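# please work out how this folds:
(one chain, ligands or ions: 1)
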Amino acid sequence: MKTHMILNGKKIDIAPLSEGDLEAVLPIEKASYPHPWTLVHFKDELQNPVADLVGCKIDDILAGYLCYWLIAGELQILNVAVAPEFRGCGIANRLLDHVFASCHTKGLVSAWLEVRVGNRAAIALYRRFGFSDGGVRRNYYRDGEDALLMVRDFAED
Ligand SMILES: CC(C)(COP(=O)(O)OP(=O)(O)OC[C@H]1O[C@@H](n2cnc3c(N)ncnc32)[C@H](O)[C@@H]1OP(=O)(O)O)[C@@H](O)C(=O)NCCC(=O)NCCS
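Predicted structure coming up:
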């Protein structure tokens, strides 16, 4: 699935990424996480039949991406990141809208993800999309921070 729109004279495209896009993905990844995914990690996901790596380009420049798995109607969001210079402009909102719309056509039943308990921006983003708290995984991250499990059940919609 692809989404194309013109907003304030700018071309916005949301579509699956390929290996040729990874050069643009890596700097965003490094700017977004203390323990970023590597090139190998992204290449593995591009080969993974249950994974999708979707990017949002503004005038052909990669602004953000989202990697997820969809298995038997269960969506797991693994990674969503937006380049610092594009944050706060609705890119993550558009990526999630796109992914949910795409997964709905494939029988989406539920969604879940893990997020650092201190990541207020991401937690606010997921709550905005109807996720609720599903528990805490203690010392989940390498530096000892807890993970908040967030869940959304689409069967109730
Ligand atoms: C979290 C992240 C993906 C949000 O991307 P973004 O494109 O800036 O988000 P948007 O502009 O689409 O905002 C969507 C919603 O997220 C929340 N949000 C985004 N930035 C926020 C901030 N700084 N503080 C609080 N809430 C914030 C708001 O609920 C916002 O909705 P609103 O605009 O209606 O208020 C981005 O900050 C990022 O890449 N962070 C680093 C990587 C990361 O933490 N990823 C999540 C891992 S689980």
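# how about residue 114, phi and psi?
Note on residue 114: backbone dihedrals following degrees, to the nearest 10 are phi -120, psi 140.
# wouldn't it be in contact with residue 134 here?
No. The criterion here is Cβ atoms under 8 Å, and residue 114 misses it with residue 134 at 9.5 Å. (Glycine included, C-beta is placed from N, CA and C.)
# quick one: which of these two has more around it?
Between residue 114 and residue 134, counting by other Cβ atoms under 10 Å, residue 114 is the more crowded of the two (18 against 14).
# hmm, back to that, joint contacts of residue 114 and residue 134?
Taking Cβ atoms under 8 Å, 6 or more residues apart in numbering as the criterion, residue 114 and residue 134 both touch 149, 150.
# give me the contact list for the lowest-mean-pLDDT helix or strand in the chain.
One helix or strand of the chain scores below all others by mean pLDDT, DSSP states H and E: strand 3-7, with a mean of 90. Here strand 3-7 makes contact (Cβ under 8 Å, 6+ apart) with 11, 12, 13, 14, 15, 94, 98.
# again, only using 7 Å
Here strand 3-7 makes contact (Cβ atoms under 7 Å, 6 or more residues apart in numbering) with 12, 13, 14, 98.
# take the residues you listed and keep only those in helices.
Under the assignment DSSP state H, the contacts of strand 3-7 contribute residue 98 to helices.
# out of the contacts of strand 3-7, which are buried?
With burial judged by 16 or more other Cβ atoms under 10 Å, the buried subset of the contacts of strand 3-7 is 12, 14, 98.
# which non-adjacent residue is nearest the last one?
Right, the one you point to is residue 98. On the basis of Cβ to Cβ, 6 or more residues apart in numbering, the spatially nearest residue to residue 98 that is not a chain neighbour turns out to be residue 14, at 4.5 Å.
# I'd say that neighbour and residue 56 touch.
Yes. Residue 14 lies in contact with residue 56 (Cβ atoms under 7 Å); the separation is 4.9 Å.
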